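Q: I need the structure of the sequence given here:
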Amino acid sequence: MKLSKEYFSASDLNAIKQACEYAEENTSGEVRVTIFEKRPRKSAGWSLMELALAEFKNLGMDKTRDRTGVLLYILLDEHKFQVLADEGINAKVEKKVWDEIANQMAEKFKNGEYLTGVVTTVMRIGEILAGWFPRKSDDTNELSNEVHIV
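A: Below you'll find the model as predicted:
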């Protein structure tokens, strides 16, 4: 966990968790953030999308009621990240929306604004989800909002 501490303090991780909670207030969607310090050994040759998809399934994000999970997957040692939305979202939200969000986050990261980049991205994801997937009267928080660090 040494590498992640170079980028995110304990209070940063708490701020990201709070951003996830806030982002979910007006939507039935679920937002998670995972930070991998380095590529898992078993994943040599995997694309970033394949890594994110494996983590998406590992976190049970493919099991939400309406398939409305979004994962922000960060691979620190390779300086890469992936925004991955479930099929319920992708049926309505165009890929270019996620590409724009990723470009904005990349700019923040280039400037060393890691916390701002993640929090801004999470909040933007929440806004998009609220527009397409408003909170339902019987909505429950299906997934943890804790940042998953591996």
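Q: counting contacts, what elements does the top helix by length along the chain pack onto?
A: Secondary structure of the chain read by DSSP state H shows that its longest helix is helix 114-132. Applying 3 or more CB pairs under 8 Å, 6 or more residues apart in numbering; DSSP states H and E, one finds that helix 114-132 makes contact with helix 10-23, strand 30-36, strand 69-75, helix 95-110. For the C-beta atoms, the positions are set from N, CA and C on the backbone; glycine is no exception.
Q: quick check: Leu76 touching Phe8?
A: No - between Leu76 and Phe8 there is no contact under CB atoms under 8 Å: 9.2 Å.
Q: what sits against the closest residue to Val150 other than its chain neighbours?
A: Nearest non-adjacent residue to Val150, counting by CB to CB, 6 or more residues apart in numbering: Phe36, 4.9 Å away. Residues near Phe36 by CB atoms under 8 Å, 6 or more residues apart in numbering: 51, 55, 73-76, 150.
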